[in-house]
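**Student:** structure for this input, please:
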Amino acid sequence: MPAEPRKSNRGPAAATANHHALLDAARRVFTAQGYHAPLNAIAREAGVGQGVLYRHFPTRLDLARAVFAQNVAELEQIAAAPGPEAFEWLWRRLVEMTIEASAFVEMVVDSRRQLAQDDSERRLRSMLDATLPPAREAGRVDNRLTTDDVLLAQRMIYGVVVTTVDPAQIANLVTDALRLVPSLPAPSDPREPSTTTSSTGAVPRPAAEAATEP
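**Tutor:** Residues are numbered from 1 along each chain as shown. Predicted coordinates for the structure are as follows:
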């Protein structure tokens, strides 16, 4: 019986595809099972071996921080959109991410204890500083709204996330809480799919493609 053809060695192309697949799988598994979900479940979800996972991300914290960094990069892409609408798109996606990232609260605590403080908060402040003035000038938000106000509102959302017992209720409770801050744009309806868009169309999110790595 002829031997089965051996798969070609895709080298760097496979490594890049596997990296994206692991990040997307980690996002899904951490969100569904929490930050301490089994890492082998993430490898299976990505369609790769556990050795491939450890080659890309030696520790759980490395993997979680990479997902977190991907979130920040997506927000920067949204903030770079031209026009006064950028702040609203940025804020709505930030709210969605804060809800989605409820599984990462423990990761944030671990990160502060184990690693040097990252610059994600500075980068977020920079995005808000850039997008909020045009939104105020265009009358799209309250003229008194400041970057500090927005960051405080996001902390309020985190408070709702970490104190809600039933995860299914988080999105609705966040929506209710933000009604108390009328100066901010209303968040997306949690019953509707995410449709963050810009003047050039939907803001693309990194696509995952699992592949065999050497």
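
**Student:** domain ranges for this structure?
**Tutor:** 11-58, 61-202 (automatic domain parsing).

**Student:** dump those domains into a markdown table; add mean pLDDT and mean neighbour count as well.
**Tutor:** The way it works is simple: take the backbone N, C-alpha and C, and place the C-beta from them, glycine included. Shown next, in a markdown table, are the domains of the chain (pLDDT from 0 to 100; neighbours: other C-beta atoms under 10 Å):
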| stretch | mean pLDDT | mean neighbour count |
| --- | --- | --- |
| domain 11-58 | 90 | 18 |
| domain 61-202 | 81 | 16 |
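
**Student:** so what's Glu121 closest to, chain neighbours aside?
**Tutor:** Spatial nearest neighbour of Glu121, excluding adjacent residues (C-beta to C-beta, 6 or more residues apart in numbering): Leu151 at 7.9 Å.

**Student:** give me the element the residue nearest to the spatial centre of the chain is part of.
**Tutor:** The chain has Asn71 as the residue nearest its centroid, 3.4 Å off, counting by C-alpha atoms, centre = their mean. Using DSSP states H and E, Asn71 maps to helix 60-79.

**Student:** check Asp176 too.
**Tutor:** Asp176 belongs to helix 170-178, assigned by DSSP H and E.

**Student:** got it, and His36?
**Tutor:** For His36, there is no host helix or strand (DSSP H and E).

**Student:** same question for Pro82.
**Tutor:** Per DSSP H and E, Pro82 falls between elements, in no helix or strand.

**Student:** ditto for Arg93
**Tutor:** Going by DSSP H and E, Arg93 is part of helix 86-100.
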